[in-house]
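**Q** model this:
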Amino acid sequence: MKFIYMLTSLSLLLLPLSCYADISHNNSVTVVELLNNFLPNQVKLKKNDKPIFKLGDFNGDGLEDIVVLFTPQSKPTETKQLKVLTPWVYPTTKKTDKYRQSLVIFQKTNSQWVSSETQVYALLDTNGVLETPFFQLLTASKKDKDYALHASMLPIKTKNDLIILPTEAGIDTYVYWDKDTYTLFEPEEMP
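**A** So this is what the prediction gives:
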């Protein structure tokens, strides 16, 4: 009897972990479906590849969005649903058709991810800024205790969740919704 009690207690402790794993798996499946639907022939995923992504309300409409790291095969064709941006263009950036690891943001509409109203923003990079050895895709939610600090760095007031892109220099850069589109903010380096 004692053994059954211990086994039941252990299974109750592990239940939240298994539910979390299912949620994560479902999100990975959703991300692959979104990539295949809105960026066909752009992303080559092998059978067991798991995309790197984060969830958040990045445009402040109260619905969950997804930001995904991906490497485009070529420049996607812009459509009514798909906007193509190149925020990492600098005076020294050489013109090229070879794209490096980039971001794509899927904005959920109503209760569906894949619909004719889904808005997609591909933020393309040719410089490799998202490929540094210690790069991580981070986000700051409005609910996080350090959100106000991150939001205070931006040139405009926002209450949207933020996409944080740390640099090798230890300075966070941000992608945020400026009421019309996604904008990159790179704070000046302190001497």
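
**Q** any idea how far the closest residue to Thr71 other than its chain neighbours is from Pro51?
**A** Take Thr71 and drop its neighbours on the chain: the residue closest to it by CB to CB, 6 or more residues apart in numbering is Gln101, 5.2 Å away. Backbone N, C-alpha and C define where each C-beta goes, glycine included. Look at Gln101 and Pro51: by CB to CB, to the nearest Å, they are 12 Å apart.

**Q** overlap in contacts, those two.
**A** Leu69, Phe70 (CB atoms under 8 Å, 6 or more residues apart in numbering).

**Q** tell me which residue is most central in this structure.
**A** Val67 (2.0 Å; CA atoms, centre = their mean).

**Q** which strand residues bridge it?
**A** Lys54, Ile105 (DSSP bridges).

**Q** residues in contact with it?
**A** Phe53, Lys54, Gly56, Phe58, Leu103, Val104, Ile105, Phe106, Leu137, Thr139, Ile163, Val175.

**Q** and those residues as TSV, adding pLDDT and distance to Lys83?
**A** Below are the contacts of Val67 laid out as TSV (pLDDT from 0 to 100; distance: CB to CB, whole Å):
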residue	pLDDT	distance to Lys83
Phe53	94	19
Lys54	95	19
Gly56	95	18
Phe58	96	14
Leu103	96	12
Val104	96	10
Ile105	97	9
Phe106	96	12
Leu137	93	20
Thr139	95	20
Ile163	96	16
Val175	96	13
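
**Q** now tabulate these in CSV and tack on neighbour count and distance to Thr183.
**A** Below are the contacts of Val67 laid out as CSV (neighbours: other CB atoms under 10 Å; distance: CB to CB, whole Å):
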residue, neighbour count, distance to Thr183
Phe53, 22, 20
Lys54, 20, 18
Gly56, 18, 16
Phe58, 25, 11
Leu103, 24, 12
Val104, 27, 16
Ile105, 24, 12
Phe106, 25, 18
Leu137, 17, 17
Thr139, 19, 16
Ile163, 24, 11
Val175, 21, 7
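
**Q** of those residues, which is the nearest to Leu184?
**A** Val175 (5.7 Å; CB to CB).

**Q** wait, doesn't the closest one sit right on Thr183?
**A** Yes: look at Val175 against Thr183 with CB atoms under 8 Å: they come within range, at 7.1 Å.
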